[in-house]
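Colleague: Quick one, fold the following:
(one chain, ligands or ions: 1)
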Amino acid sequence: MNVIPMPNHAYFHREGGGFVLDNHSRILVGENSSSLKTAQYLASFLKKHGFDLKIENVAKVDGIENDIILRIFDDNKDIQPEGYKLKVNAGNISIVSDDGDGLFYGVQTLIQLLPDTLLSSTLPSVNIPGWIINDSPRFHYRGMHLDVGRHFFSVDFIKHYLDMMAMYKFNTFHWHLTEDQGWRIEIKKYPKLTEIGGFRDSTLVGKYSDKPQRWDGKRYGGFYTQDQIREVVKYAADRHITIIPEIEMPGHSLAALAAYPELACTPGPFRPATLWGVFPDIYCPKEKTFEFLEDVLTEVMNLFPGKYIHIGGDEAPKERWKESKLCQQIIQKNGLKNEEELQSYFVARIEKFLNEHGRQLIGWDEILEGGLSPGATVMSWRGVEGGISAAQAGHDAIMTPGNFCYFDHYQAGPEREPIAIGGMTTLKKVYGYEPVPEELNKKEAKHILGAQGNVWTEYMPTPSKVEYMVLPRMAALSEVVWTENDKKSWPDFQRRINHHFKRYKALGWNYCSGTYHIAFSEEKESDTTTWRVELETEIYEASIHYTTDGSMPSTHSEEYKKPLHLTKNTVLTAAIFKQDTLLGKAQKFIVGKK
Ligand code: ACM
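Modeller: Here you go, the predicted model:
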């Protein structure tokens, strides 16, 4: 069983034997249009890999023989929302669900039960082992985010991103559409947003911290037309993914101010940013700004049918508001204490507008600072505290803490990866993330809707770099949000992800094969003279060899098999080997040093 995320109940069923898929197999569906769509999805996947299966109505066939049956039964009490039951028998495969989502996820599981070799070679038939799976997700919110402001990605790539998400049963795409460095969504009423705001004059080359900083001097940009947005929304819906558009306010809005400087607190002129970071010029809370934002959001709501609209709210410096006479008047008139409360006033007005149109507001955790809007959902990114406060106050929260969910961090380490923004979030770290903070009681915990991987693209100029940064971390996150804790297993995930690496290779997807950093942990033992030391590598089927005499380890050195008991100040030199080859560099640890 190489399925990721791990299904919550799966039984190998030897007696059922295996199912043999060949060109005589058919996909049989009921009357439901969602099951027909999912059948077409499965048929098109199989066609790409050499099998041409007919789709037929299950009520109209003579008998069932070697077929795949996809059915949705409403009011199916023993199947959870988004859940499915999949049975692989010798004579047929059946997937049953209570809703269209569940059926689609059942098909994703079936696709992953097919052998890896199917993706790289044409086979006359394939054998699928007998399984009975009864599965449904732990969290309803399973998200991936993509910043298309810092770098712009084509509609084709966005579709590919949605395909990767679908494979791992994610159901929400947070599309970060506006930034200081570029406005990416066509707004008919304000054409300058994309004409002017969609393009910057130059892009930073290398790292932000490089001295001196260098630029490429090339105009860069792009945007999605409303027709393209509609096409992507439909493509996502066909994969049971809802898109949450993000229109940033009041900060990260320099590209919009470049187009319409009258929305700022100072006269400008402004240009879309050519440097990464946070900028002081933000929307000024004047009536004209609210009129503009309501017009923009009206067009956005017409394009995106989902219930949530993300309004950003993060990283909005208050210096312009402090200096602005108008802002100070608004503060006075509305009895606000400070500029943080002014931001809450701003967000509350926008929330009211969204609510009047049947939508709900999500914002980054800064929206807590001056008091939370009545129905707002908080996206907790500066750690988990925002999520905790929101849930304790009875608000919904989505967890995206930097240490676990920021896929712009390094995952193998700067010494063997292309440049990233910083941080180090290994696959194992993502895998070990628990979205519900311990601080919450049962009732509050219900407000944690799920978690999301964030992909900020300052250092991801190409589709291939984005693939590398999300694969395989999004696979680990999918198991965090789908699989119950007692069904998760890091060693088993390592085995399964190794199979997924074969799939990525066969499909030509770029990915990170893991970190060569050895995880070192130590604990003082009760006799006080020795320390219990544990070493671990993330690399599948690799071994760790070590010395304690300062020499370089080789495969002839002692192999690490179980925790070591070492005295303080022992110099432990350890290295990872796979098939006799040293991976990375040896690492030195001094016992009891910390
Ligand atoms: C963020 O990373 N500024 C939400």
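
Colleague: Based on its surroundings, how many neighbours for the nearest residue to Arg239 once chain neighbours are set aside?
Modeller: Using Cβ to Cβ, 6 or more residues apart in numbering and skipping the chain neighbours, the partner closest in space to Arg239 is Ala166 (4.0 Å). From N, CA and C alone the C-beta is placed, and that goes for glycine too. Using other Cβ atoms under 10 Å, Ala166 is surrounded by 22 other residues.

Colleague: repeat for Glu434
Modeller: Neighbourhood size, Glu434 [other Cβ under 10 Å]: 13.

Colleague: hey, where'd the helices end up in the stretch 51-200 of the chain?
Modeller: Using DSSP state H, counting those that start in this stretch, the helices of the stretch 51-200 of the chain run over 100-113, 155-167, 192-195.

Colleague: The stretch 301-450 of the chain too?
Modeller: 319-323, 325-333, 339-356, 385-392, 402-405, 427-431, 442-445.

Colleague: Nearest to the ligand, out of those helices?
Modeller: helix 402-405 (7.3 Å; Cβ to the nearest ligand atom).

Colleague: With just CA atoms, put the lengthiest strand in the chain into PDB.
Modeller: Longest strand in the chain by number of residues (criterion: DSSP state E): strand 581-590. What follows is strand 581-590, C-alpha atoms only, in PDB (Å, rounded to 0.1, in the frame of the first residue of the first chain):
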ATOM      1  CA  THR A 581      28.200   6.100  -1.000                       C
ATOM      2  CA  LEU A 582      28.600   9.000   1.400                       C
ATOM      3  CA  LEU A 583      25.700  11.400   1.300                       C
ATOM      4  CA  GLY A 584      26.600  14.900   2.000                       C
ATOM      5  CA  LYS A 585      29.300  15.500   4.600                       C
ATOM      6  CA  ALA A 586      30.200  13.900   8.000                       C
ATOM      7  CA  GLN A 587      28.800  15.900  10.900                       C
ATOM      8  CA  LYS A 588      30.400  16.400  14.300                       C
ATOM      9  CA  PHE A 589      28.400  16.500  17.500                       C
ATOM     10  CA  ILE A 590      29.800  17.100  21.000                       C
END
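
Colleague: tell me which element Lys288 is part of?
Modeller: Here Lys288, judged by DSSP states H and E, is contained in helix 287-303.

Colleague: So, low pLDDT: which residues of the stretch 351-500 of the chain?
Modeller: Regions of the stretch 351-500 of the chain meeting the criterion pLDDT under 70 are absent.

Colleague: Then the chain?
Modeller: Along the chain, the model assigns pLDDT under 70 to residues 15-16.

Colleague: What residues does it have near the ligand?
Modeller: Residues of the chain lying close to the ligand by Cβ under 6 Å from any ligand atom are 314-315, 364, 381.

Colleague: Dump those to a markdown table, plus neighbour count.
Modeller: Formatted as a markdown table, those follow (neighbours: other Cβ atoms under 10 Å):
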| residue | neighbour count |
| --- | --- |
| Asp314 | 16 |
| Glu315 | 16 |
| Trp364 | 24 |
| Trp381 | 22 |
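
Colleague: with the residues you listed in mind, which one is nearest to Lys322?
Modeller: Lys322 lies nearest to Glu315 out of those, by Cβ to Cβ, at 16.2 Å.

Colleague: residue ranges for the strands of the stretch 201-350 of the chain, please.
Modeller: For the stretch 201-350 of the chain, strands defined by DSSP state E, counting those that start in this stretch occupy the ranges 204-205, 214-215, 220-221, 242-249, 308-312.

Colleague: Serialize those to JSON lines and add fields for mean neighbour count.
Modeller: Below are those laid out as JSON lines (neighbours: other Cβ under 10 Å):
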{"stretch": "strand 204-205", "mean neighbour count": "16"}
{"stretch": "strand 214-215", "mean neighbour count": "12"}
{"stretch": "strand 220-221", "mean neighbour count": "20"}
{"stretch": "strand 242-249", "mean neighbour count": "24"}
{"stretch": "strand 308-312", "mean neighbour count": "23"}
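
Colleague: nearest to Asp135, of those?
Modeller: Asp135 lies closest to strand 242-249 among the strands of the stretch 201-350 of the chain, at 20.3 Å (Cβ to Cβ).

Colleague: how far does that closest one sit from the chain's center?
Modeller: 15 Å (Cα atoms, centre = their mean, to the nearest Å).

Colleague: for it, packing partners?
Modeller: strand 172-176, strand 178-179, helix 226-238, helix 287-303, strand 308-312 (3 or more Cβ pairs under 8 Å, 6 or more residues apart in numbering; DSSP states H and E).

Colleague: quick one: the fourth one to chain centroid distance?
Modeller: Counting by Cα atoms, centre = their mean, helix 287-303 is centred 27 Å from the centre of its parent chain.

Colleague: Ok, the first one next?
Modeller: Strand 172-176 has its average C-alpha position 9 Å from the chain's average C-alpha position, going by Cα atoms, centre = their mean.

Colleague: and that strand with strand 242-249, angle?
Modeller: Orientation of strand 172-176 against strand 242-249 (axes from the mean of the first three to the mean of the last three Cα atoms, to 10 degrees) gives an angle of 30 degrees.

Colleague: Show me what strand 172-176 is packed up against.
Modeller: strand 141-147, helix 155-167, strand 242-249.

Colleague: Next, the buried residues of the longest one.
Modeller: Buried residues in helix 155-167, counted by 16 or more other Cβ atoms under 10 Å: 157-158, 160-162, 164-167.

Colleague: do you know how far Ile158 is from Gly371?
Modeller: With the distance defined as Cβ to Cβ, to the nearest Å, Ile158 ends up 36 Å from Gly371.

Colleague: who's in contact with stretch 253-261?
Modeller: Applying Cβ atoms under 8 Å, 6 or more residues apart in numbering, the contact partners of stretch 253-261 are 149, 178-183, 190, 192-193, 195-198, 200, 263-264, 267-273, 279, 281-283, 292.

Colleague: Helices of the stretch 451-594 of the chain, start to end?
Modeller: Using DSSP H, counting those that start in this stretch, helices in the stretch 451-594 of the chain cover 463-470, 473-482, 490-507.

Colleague: Report all helices and strands that the last one contacts.
Modeller: When contacts are defined as 3+ Cβ pairs under 8 Å, 6+ apart, helix 490-507 packs onto helix 427-431, helix 473-482.

Colleague: so can I have JSON lines of those helices showing distance to Leu535 and mean neighbour count?
Modeller: Output for those, formatted as JSON lines (distance: least, Cβ to Cβ, whole Å; neighbours: other Cβ atoms under 10 Å):
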{"stretch": "helix 427-431", "distance to Leu535": "13", "mean neighbour count": "22"}
{"stretch": "helix 473-482", "distance to Leu535": "21", "mean neighbour count": "25"}
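
Colleague: closest to Thr567 out of the helices of the stretch 301-450 of the chain?
Modeller: Of all the helices of the stretch 301-450 of the chain, helix 427-431 comes closest under Cβ to Cβ, at 28.3 Å.

Colleague: what's in contact with the closest one?
Modeller: Defining contact as Cβ under 8 Å, 6+ apart, one finds that helix 427-431 is touched by 403-405, 411, 453, 472-473, 476-477, 479-480, 488, 490, 493, 497, 512, 514-515, 519, 538.

Colleague: Buried only: go through the residues you listed for me.
Modeller: With burial judged by 16+ other Cβ under 10 Å, the buried subset of the contacts of helix 427-431 is 404-405, 411, 453, 472-473, 476-477, 479-480, 488, 493, 497, 512, 514-515, 538.
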